[in-house]
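Asker: One predicted model, sequence on top.
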Amino acid sequence: MNQMEAWGQSSRGLVRPNNEDFFHIDPNNGLIVVADGMGGHNAGEIASRIAVESLHSYLTEHQTGLEDPAALLETSIQHANSKVYRLSRENSHWQGMGTTLTAVLERAGRVLIGHIGDSRLYLWREGNMERLTTDHSVVEEMMAKGLISEIESQSHPYRHMLTRALGMDIEVTVDISEMQTQPGDKLLLCTDGLTNHVRDEEISNILTRSLAPDQAGVCLIELALARGGLDNITIIIADIGQETQRGETRAR
């Protein structure tokens, strides 16, 4: 059975007054999650934290070792969606809050992926990097239809407009996928505070330098900050096939 050694960190950035990102690493359950909240009156940071904590608690309570891990992950995300949606309607200050969410669940050499929004998951394998998630955004749909180029998407006025997010409706469509892992694989989860400033090939180059997860992550955050740090920046880097040493949850 492969194991993950994961490191994560979140930065408020240089412009935003608060941090609406939230992440969690649970090495015992092979779970890593990143969320990027949105909403007024600090509701974004409420939405991301509640979503991640709800997903984690539901998954932990309901796993028996006999269940289908993909179904468990999807049900856990749906549970988190219901909680954020309900709370947004019970508190006027939280009305309209929502969050992106990207989660990875590792089970016996399989990685299950749950995704909604535009936080991303990348796989680095043997010197090549591949994005495993599709942004649920207006510009991603426009690019898929050939209406704009990738370069045009980077400055498009709708580049931050999501077409799907957790907590916005009573039911949500979650992208669920899976892949087989190999020793030496690296996974990178991140919010758009990183990818708005750092290109995919630059991320790949840093991961290729065989740095420890914490060293590579600090390099990436510092690069995003050096280029303006206009948004909150959250990164988790996981090495597959390494002995798990620690886990943490941090929002700032």
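Answerer: Right, received. Where do you want to start?

Asker: what about the helices in the chain?
Answerer: For the chain, helices defined by DSSP state H occupy the ranges 43-62, 69-90, 138-144, 150-153, 192-195, 200-208, 213-226.

Asker: In TSV, list the ones you listed along with mean pLDDT and mean neighbour count.
Answerer: Where C-beta positions appear, they are placed from N, C-alpha and C, glycine not excepted. TSV is the format used below for the helices of the chain (pLDDT from 0 to 100; neighbours: other C-beta atoms under 10 Å):
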stretch	mean pLDDT	mean neighbour count
helix 43-62	97	22
helix 69-90	96	20
helix 138-144	82	17
helix 150-153	74	12
helix 192-195	96	24
helix 200-208	96	16
helix 213-226	97	18
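
Asker: Tell me which of those sits nearest to R110.
Answerer: Using C-beta to C-beta as the measure, helix 69-90 is the one of the helices of the chain that comes nearest R110, at 7.2 Å.

Asker: Which strands and helices lie in contact with that closest one?
Answerer: Helices and strands touching helix 69-90, by 3 or more C-beta pairs under 8 Å, 6 or more residues apart in numbering; DSSP states H and E, are helix 43-62, strand 98-99, strand 101-107, strand 110-116, strand 175-180.

Asker: Dump the helices of the chain into CSV; add distance to D175 as well.
Answerer: Below are the helices of the chain laid out as CSV (distance: least, C-beta to C-beta, whole Å):
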stretch, distance to D175
helix 43-62, 15
helix 69-90, 10
helix 138-144, 12
helix 150-153, 20
helix 192-195, 17
helix 200-208, 19
helix 213-226, 24
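
Asker: Using CSV, lay out the helices and strands packed on helix 69-90 together with distance to N205.
Answerer: Converted to CSV, those look like this (distance: least, C-beta to C-beta, whole Å):
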stretch, distance to N205
helix 43-62, 29
strand 98-99, 30
strand 101-107, 22
strand 110-116, 23
strand 175-180, 23
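
Asker: wait, which of those is closest to N128?
Answerer: strand 175-180 (13.9 Å).

Asker: Outside of the closest one itself, list whatever touches it.
Answerer: The list of residues contacting strand 175-180 from outside it, by C-beta atoms under 8 Å, 6 or more residues apart in numbering, reads 70, 73-74, 109-116, 123, 132-134.

Asker: just to revisit the earlier point, mind checking the helices and strands packed on helix 69-90 for the one nearest to H197?
Answerer: Across these, closest to H197 is strand 101-107 (C-beta to C-beta), at 18.4 Å.

Asker: And for that closest one, what's in contact with it?
Answerer: By C-beta under 8 Å, 6+ apart, strand 101-107 touches 2-4, 29-35, 48, 51-52, 55, 59, 69, 72-73, 76-77, 80, 111-117, 119-121, 133, 166, 181, 187, 189, 238, 240.

Asker: any idea of the angle it forms with helix 43-62?
Answerer: Angle of strand 101-107 versus helix 43-62, following axes from the mean of the first three to the mean of the last three C-alpha atoms, to 10 degrees, is 20 degrees.

Asker: Give me the mean pLDDT for strand 101-107.
Answerer: Computed over strand 101-107, the mean pLDDT rounds to 96.

Asker: Likewise for stretch 233-249?
Answerer: Averaged over stretch 233-249, pLDDT sits at 68.

Asker: re the thing from before, out of the contacts of strand 175-180, which is nearest to L147?
Answerer: T134 (16.1 Å).
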